[in-house]
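*Asks:* build me a model from this:
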Amino acid sequence: MKLIRFIAMLLMVVGAINWGLWGLFQFDIVKALFPYRGSNVSTIAAIVYIVVGLAGIYGISFLFKNHCTKEHK
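*Replies:* Residues are numbered from 1 along each chain as shown. Predicted coordinates:
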């Protein structure tokens, strides 16, 4: 379980850095690593975006895990 949590955190950091770079320089790391074909997102890039999004959804549980455990002690 620690490995899954670590991977989710890593993906969330990558996503946050990607958003930061986009906000500052309009540079998309995913697009640079997996170029789009025309105006369409490549399949690999779409998978990366989906996995990062799922990691973010999973990461929501991190916000409440410590809070709930402290209340019950």
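*Asks:* so how far is stretch 11-19 off the chain centroid?
*Replies:* 5 Å (C-alpha atoms, centre = their mean, to the nearest Å).
*Asks:* may I see the buried residues of it?
*Replies:* By 16 or more other C-beta atoms under 10 Å, the buried positions in stretch 11-19 come out as 11-12, 14-15, 18. Heads up, the C-betas are built off the backbone N, CA and C, glycines and all.
*Asks:* likewise for stretch 20-33?
*Replies:* Buried residues in stretch 20-33, counted by 16+ other C-beta under 10 Å: V30.
*Asks:* could I get the buried residues of stretch 11-19 in CSV, plus columns for distance to L63, secondary structure and pLDDT?
*Replies:* Listed next are those as CSV, based on distance: C-beta to C-beta, whole Å; DSSP: H, G, I helix; E, B strand; the rest coil; pLDDT from 0 to 100:
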residue, distance to L63, secondary structure, pLDDT
L11, 16, helix, 93
M12, 12, helix, 93
V14, 19, helix, 91
G15, 16, helix, 93
N18, 21, helix, 93
